[in-house]
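Enquirer: No letters, just coordinates:
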């Protein structure tokens, strides 16, 4: 009796499913990292825009008018806080370095600084 069976053995199917599962788990890990990276990139982009806006606000004010050097943003950016500071140049008291740090609740941070010319007595 000659029996010719066509198809795959249970061992071949098991091996193929195992390889497929391992490959899919690897892709799931990569996908998770991509989602995390995209979240951080989005937070940094928003923080950079907020930092630019806040830095421009601070640059237009006289240093004596700056009463707060830290705070939070209104809706929808309530998860972001800011902190600013300034130092006068040692060799020129008419120039100051103004820095700003924007921080997301998750820890993502963006820092900017600029040099400003002091045009009036402060």
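Expert: Perfect, I can see it now. None of these values were measured; they are calculated from a predicted model. Numbering: from 1, shown residues only.
Enquirer: quick one: low-confidence parts of this structure?
Expert: 1-4, 67, 120-122 (pLDDT under 70).
Enquirer: need the helices for it, in chain order.
Expert: 10-60 (DSSP state H).
Enquirer: check contacts around the most centrally placed residue in it.
Expert: When C-alpha atoms, centre = their mean is applied to the chain, the residue found nearest the centroid is residue 44 (2.8 Å). Taking C-beta atoms under 8 Å, 6 or more residues apart in numbering, we find residue 44 in contact with 108, 110. C-beta: built from backbone N, CA, C; applies to glycine.
Enquirer: quick one: it and residue 77, what's the gap?
Expert: According to C-beta to C-beta, to the nearest Å, residue 44 and residue 77 sit 13 Å apart.
Enquirer: Could you do residue 84 as well?
Expert: To residue 77, residue 84 is 16 Å away according to C-beta to C-beta.
Enquirer: Give me the more crowded residue out of these two.
Expert: More crowded of residue 84 and residue 77, by other C-beta atoms under 10 Å: residue 84, with 21 against 16.
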